[in-house]
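Visitor: Next one to model:
(4 chains)
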Amino acid sequence: MCPVSDVGYTSDEMMTIAAARELREDEVCFVGIGIPSTAANVARLTHAPNVVLVYESGTIGAKPTRLPLSIGDGELAETADAIVSVPEIFAYWLQAGRIDVGFLGAAQIDPFGNVNTTVVGDYERPTVRLPGGGGAPEIAAAARRVIVVVRQSPRTFVEQLDFLTSVGHPGGPGGRDALGLRGAGPQIVITDLGILRPDPDSLELVLTDLHEGVTVETARAATGWELRVASPTTFTLPPTVEELQTLRALEATKKWAP
Amino acid sequence: MCPVSDVGYTSDEMMTIAAARELREDEVCFVGIGIPSTAANVARLTHAPNVVLVYESGTIGAKPTRLPLSIGDGELAETADAIVSVPEIFAYWLQAGRIDVGFLGAAQIDPFGNVNTTVVGDYERPTVRLPGGGGAPEIAAAARRVIVVVRQSPRTFVEQLDFLTSVGHPGGPGGRDALGLRGAGPQIVITDLGILRPDPDSLELVLTDLHEGVTVETARAATGWELRVASPTTFTLPPTVEELQTLRALEATKKWAP
Amino acid sequence: MADLTDLRDAVAALVSDGDEVALEGFTHLVPFAAGHEIIRQQRRDLTLTRLTPDVIYDQMIGAGCARRLVFSWGGNPGVGSLHRFRDAVENGWPNRLQLEEHSHAGMATRYVAGASGLPFGTLRGYVGTDLMQHTRTEQITCPFTGEDLTAVPALNPDVAIVHAQNADRRGNVMLWGISGVQKEAVLSAKKVIVTVEEVVDEFMPRPNGVIIPTWVVDAVCIVPNGSHPSYAHGYSERDNAFYEAWDLIARDRERFRCWIDRHIHGTTDFAEYLRSIGGLDVPRV
Amino acid sequence: MADLTDLRDAVAALVSDGDEVALEGFTHLVPFAAGHEIIRQQRRDLTLTRLTPDVIYDQMIGAGCARRLVFSWGGNPGVGSLHRFRDAVENGWPNRLQLEEHSHAGMATRYVAGASGLPFGTLRGYVGTDLMQHTRTEQITCPFTGEDLTAVPALNPDVAIVHAQNADRRGNVMLWGISGVQKEAVLSAKKVIVTVEEVVDEFMPRPNGVIIPTWVVDAVCIVPNGSHPSYAHGYSERDNAFYEAWDLIARDRERFRCWIDRHIHGTTDFAEYLRSIGGLDVPRV
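Guide: Residues are numbered from 1 along each chain as shown, chains lettered A, B, ... in the order given. Model prediction:
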């Protein structure tokens, strides 16, 4: 989406690589298609070769050699350790608490990491009908921790969601416990501008990291609420050559997909 | 158990063949090991080649060439149309109402076709600890109809069960409906002496058929309650040559089993 | 025992106006041929049930078959929006579309309950989301621990339709690879249609092989490539260019209408349809 | 990731006195070797959980390992009674045995709930039987239809132990053929031991193949014929003569005690045990 800047990589590449870095070796990661899948595979091909990728289509331990075009790509089935049914993947694997990391995208995200992927506008008469929850509501509830990856803009980073699809930290501390949710919720929100993390006390998202060349002012302007900023902010380590090559090689595989 | 009588077959053979005759072509039959399995396979090899045999080990459409030695015999897996897990066989196949006929045995049976396979004596301090319910309680509840196959004796045909493991027609008419059971329950009880069926009005078991050479007095003496007898009783058609040959050939396969 | 029959006859006999119909297939084995036949036969007022109403339901919604949609994620997988679905929800074109919206986990639990002969299923889900205000869920309390969980009602569609790789000569069906909720959809439904790539003498063991016995299937129809543009593992690859082309076709009402008229109403079956779109190996845009 | 380890070490590390232990296998793949090792290491006060406590639990109960039995059918499959089980229940020898008794459907539902992270499961069952007075079930009402159903509490054993045909070099496990409740037992348990026939480079597709990823398994132990006298589909046949011989061995306390002393305590592992009973191909009586 964003052109390659003079730093030699795009802001989307930075976002994807920052997300990849969040996955640790041997973790079990529930992956959606798009940036989460790309990030998870970058992690698998760089610092976390034994990360276990679980796709909601029921593929466990997939090791795709090209980026899957859909959540049920045959490449996932062919490279998986096991394939199970969709009811099983949600009941025995996600709900049972076997997922370390869940990756979510967002059409809207609020200051407490709650996410909307359902509608813009009124539910009954939406301005934009979005795809809906899919696997996200239960990933947000059950994964030990959640990583949100989303481009930052005032349209997306909103004070008040039009619809709460996937639960973050509603009402701040104690909110998830009160709902009986077992996972810890969003621990990090990675954008094309930087990284936000819940404040340890209030759980409100705070800008903690800025990607190379991004200013606090840019981040504030791209946020629809009064953005809190950590002081000092950290600067994201730019992509390494290995990370960037791995990412670009993966992206190139889309062209030779069927 | 019983010697071959002068009629040229044993009373157990008559019982098994009478049970086999109750299965109709294309019916789906949930089978236990022992006489039910033998009877179901006699049916499959004679008048009902397309009867579908389902074993609680998860084998659907098994067509064993020898009598299985256990409910999970490899022969069942090798000849089945499909193998599924035990949770699935009970939930998706039995509970969902896909079974036409369930076959039950009994350690005790009462006048309303209720069955005990749990204990003789007090539950906490039993005289005889029997195997227990296994699949039977839900077969008795869910199969469209139930066939009970059991040798007749005063010890087995009792006025009052020591333990109700599998529900027949408790309290007579309306009893099953009151419990919310979906299957019609025992429609026939086949013994080594004859056949009993629930009276259409009271649902109490009535002796309707006598096997060749058996008298009403013998049947009464083998029943622990005041046995009602239909008038006139029917005489069971003795085994045909085909039936008897099929049964004996099947029994002979036990010897060449692993 | 399943009848081996023509898809046209199967849809004519088994799918009626007003039915709840579930065409399942989780981006793999999507039963496009059956969906097209339903459009061709101009079924109306259907409740369309499906976790992922992707391009197949976009076509059926745009063609006016649907009164109601029961679903959990409505997008063009890997591409973007479903424009016909959006047009129906946002603008009521060609008619208003009632929504019954769940999560994947909820839909899966509902199919499992339906396949199991239970009236409801239980899951950890929905709590804290706005979905609860817009769909049928109830709180249910564990009678042993006192914990509160979520109950969802069973799904028992009138008709389930799936595409599979193989049938045998008796009408048993085998599919493999990513199997989604197909088994549960089939076992939860009152009537079942299966389209298959081919009939084989004997099934081979396969990764995640799922066998559906003939006696729970009403009609088996041989339709090679019947899941195009999705794929049948071992038989075909996803026609990704078609999914991308669909984004352009479906964006515009008139262009969509022309496409449906020409390629679905203008053809008599799926083989002819495939020829009409230029076969399987042409660029789509 | 599973450790590839010796069965002796796995039992020593993972099975403790007082644990709830589920050795599963539905007449197929019964994990006898692991049961023997538990006897050999003289574990006590175990809660033994299993749908079909057949000969393996007869041995463990007679050897004094069990304080409690959670089960649905206790017999010598195809042969008759379990004499040690009966002696424990009827006469309290070698110790009293508490029973928690269910039906197969109930036990299966309990494992499914446990594997799913739910505190209970729902089924149509138990109603009208005397089981309800002797075991933990509760009535549960469908919040949508008002229908009354039966709830059973989840099973979450401390340790699940199963036998499988294969592991790969990373410790993934594959079993096939009749798969019983093994997957659910494994996924419901806190710790998991799997014994396997052999380690292979790559899994082949198999009928009803079930793969258990390495990261939900604690220990994988290679024990050829580890399910003897039951069988491992593709590897061995059921040793029916052993099941028949067991009827005679277990009938008598003294004979049983001698058998356990000689063949289990008198051997160091399952290979030696198999030699001590004369190998796999001898008449048993």
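
Visitor: Low-confidence stretches in the chain?
Guide: Using chain A here. Counting by pLDDT under 70, the ranges of chain A that qualify are A:1-6, A:256-258.

Visitor: Please refer instead to chain C.
Guide: C:281-285.

Visitor: partner residues bridging A:F157?
Guide: For A:F157, the beta-bridge partners are A:I109 (DSSP bridges).

Visitor: Just list the residues touching A:S85, thanks.
Guide: Under the criterion of Cβ atoms under 8 Å, 6 or more residues apart in numbering or on different chains, the contact list for A:S85 reads A:G58, C:S179, C:G180, C:V181, C:K183, C:E184, C:V210. Where you see a C-beta, it was placed from the backbone N, CA and C, and this is true even at glycine.

Visitor: Excluding chain neighbours, what is closest to A:L203?
Guide: By the measure of Cβ to Cβ, 6 or more residues apart in numbering or on different chains, the closest residue to A:L203 outside its immediate chain neighbours is A:H169, 4.0 Å from it.

Visitor: let me fix that: C:E202
Guide: For C:E202, the nearest residue in space outside its immediate sequence neighbours is C:D168; the separation is 6.8 Å by Cβ to Cβ, 6+ apart.

Visitor: if we can go back for a sec, could you report the neighbour count for the residue nearest to A:L203?
Guide: A:H169: 24 surrounding residues under other Cβ atoms under 10 Å in any protein chain shown.

Visitor: Now do it against D:A160, distance only.
Guide: In this structure, A:H169 and D:A160 are 35 Å apart, going by Cβ to Cβ, to the nearest Å.

Visitor: what do you get for C:A13?
Guide: Distance of C:A13 to D:A160, given as Cβ to Cβ: 48 Å.

Visitor: These two: which is more packed in?
Guide: It is D:A160, of C:A13 and D:A160, that has more neighbours when counted by other Cβ under 10 Å, with 34 against 14.

Visitor: Am I right that the more buried one is in contact with D:V181?
Guide: No: with the criterion set as Cβ atoms under 8 Å, D:A160 and D:V181 do not qualify as a contacting pair; they are 9.7 Å apart.

Visitor: shared neighbours, these two?
Guide: Overlap between the neighbourhoods of D:A160 and D:V181 consists of D:E24, taking contacts as Cβ under 8 Å, 6+ apart.

Visitor: In chain A, where's the longest helix?
Guide: Scanning chain A for the helix with the most residues, using DSSP state H, yields helix A:241-253.

Visitor: So which residues of the chain form helices?
Guide: By default, I'm working from chain A. A:11-21, A:35-45, A:74-79, A:86-88, A:136-142, A:175-179, A:216-221, A:241-253.

Visitor: Switch to chain C, please.
Guide: Read by DSSP H, chain C holds these helices, from start to end of the chain: C:7-14, C:32-40, C:55-62, C:83-91, C:104-115, C:131-134, C:182-188, C:240-251, C:253-259, C:270-276.

Visitor: coming back round to it: which strands or helices does the longest helix of chain A pack on?
Guide: In terms of contacts (3 or more Cβ pairs under 8 Å, 6 or more residues apart in numbering or on different chains; DSSP states H and E), helix A:241-253 is packed against helix A:11-21, helix A:35-45.

Visitor: Do a quick rundown of the strands in chain A.
Guide: When assigned using DSSP state E, the strands of chain A occupy the ranges A:28-31, A:52-55, A:59-60, A:82-83, A:101-104, A:108-109, A:115-116, A:119-121, A:126-129, A:145-149, A:186-190, A:194-198, A:205-210, A:228-235.

Visitor: what do you get for the stretch 101-250 of chain C?
Guide: According to DSSP state E, counting those that start in this stretch, the stretch 101-250 of chain C carries its strands in the segments C:120-123, C:138-141, C:148-153, C:159-167, C:173-175, C:191-199, C:210-212, C:219-222.

Visitor: CSV for the ones you listed, including distance to chain D?
Guide: As requested, the strands of the stretch 101-250 of chain C are exported to CSV (distance: least, Cβ to the nearest Cβ, whole Å):
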stretch, distance to chain D
strand C:120-123, 5
strand C:138-141, 4
strand C:148-153, 5
strand C:159-167, 13
strand C:173-175, 11
strand C:191-199, 17
strand C:210-212, 9
strand C:219-222, 21
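
Visitor: Which one of the ones you listed lies nearest to A:E78?
Guide: When the strands of the stretch 101-250 of chain C are compared by Cβ to Cβ, strand C:159-167 sits nearest A:E78, at 14.7 Å.

Visitor: Paired strands for the closest one, with orientation please.
Guide: Listed by DSSP bridges, the sheet partners of strand C:159-167 and their directions read strand C:20-23 (parallel), strand C:173-175 (antiparallel), strand C:191-199 (parallel).

Visitor: and that strand, which residues are buried?
Guide: If you call a residue buried by 16 or more other Cβ atoms under 10 Å in any protein chain shown, then strand C:159-167 has these buried ones: C:V159, C:A160, C:I161, C:V162, C:H163, C:A164, C:Q165, C:N166, C:A167.

Visitor: re earlier: mean neighbour count, the helices of chain C: which tops it?
Guide: Each of the helices of chain C was scored by mean neighbour count; the highest is helix C:104-115, a mean of 29, by mean count of other Cβ atoms under 10 Å in any protein chain shown.

Visitor: Summarise which helices and strands that one is packed against.
Guide: Judged by 3+ Cβ pairs under 8 Å, 6+ apart, helix C:104-115 is in contact with helix A:86-88, helix A:136-142, strand C:120-123, strand C:148-153, helix C:182-188.

Visitor: How far off centre is it?
Guide: Its chain's C-alpha centre and that of helix C:104-115 lie 15 Å apart, by Cα atoms, centre = their mean, to the nearest Å.

Visitor: the inter-axis angle of it versus strand C:159-167?
Guide: Here helix C:104-115 runs at an angle of 90 degrees relative to strand C:159-167 (axes from the mean of the first three to the mean of the last three Cα atoms, to 10 degrees).

Visitor: Can you get me a residue count around residue 42?
Guide: This is for chain A. Using other Cβ under 10 Å, A:V42 is surrounded by 27 other residues.

Visitor: actually chain C
Guide: 11.

Visitor: A:V216 now?
Guide: Residue crowding around A:V216 was assessed by other Cβ under 10 Å; the count is 16.

Visitor: and if you look at C:E237?
Guide: Using other Cβ under 10 Å, the number of residues around C:E237 comes to 18.

Visitor: do A:P36 as well
Guide: Neighbourhood size, A:P36 [other Cβ under 10 Å]: 25.

Visitor: looking at it, it is touching A:V149, isn't it?
Guide: Yes: contact criterion Cβ under 8 Å: A:P36 and A:V149 qualify, at 6.1 Å.

Visitor: intersection of neighbour lists for the two?
Guide: Among the neighbours of A:P36, those also in contact with A:V149 (Cβ under 8 Å, 6+ apart) are A:A19, A:F103, A:L104, A:G105.
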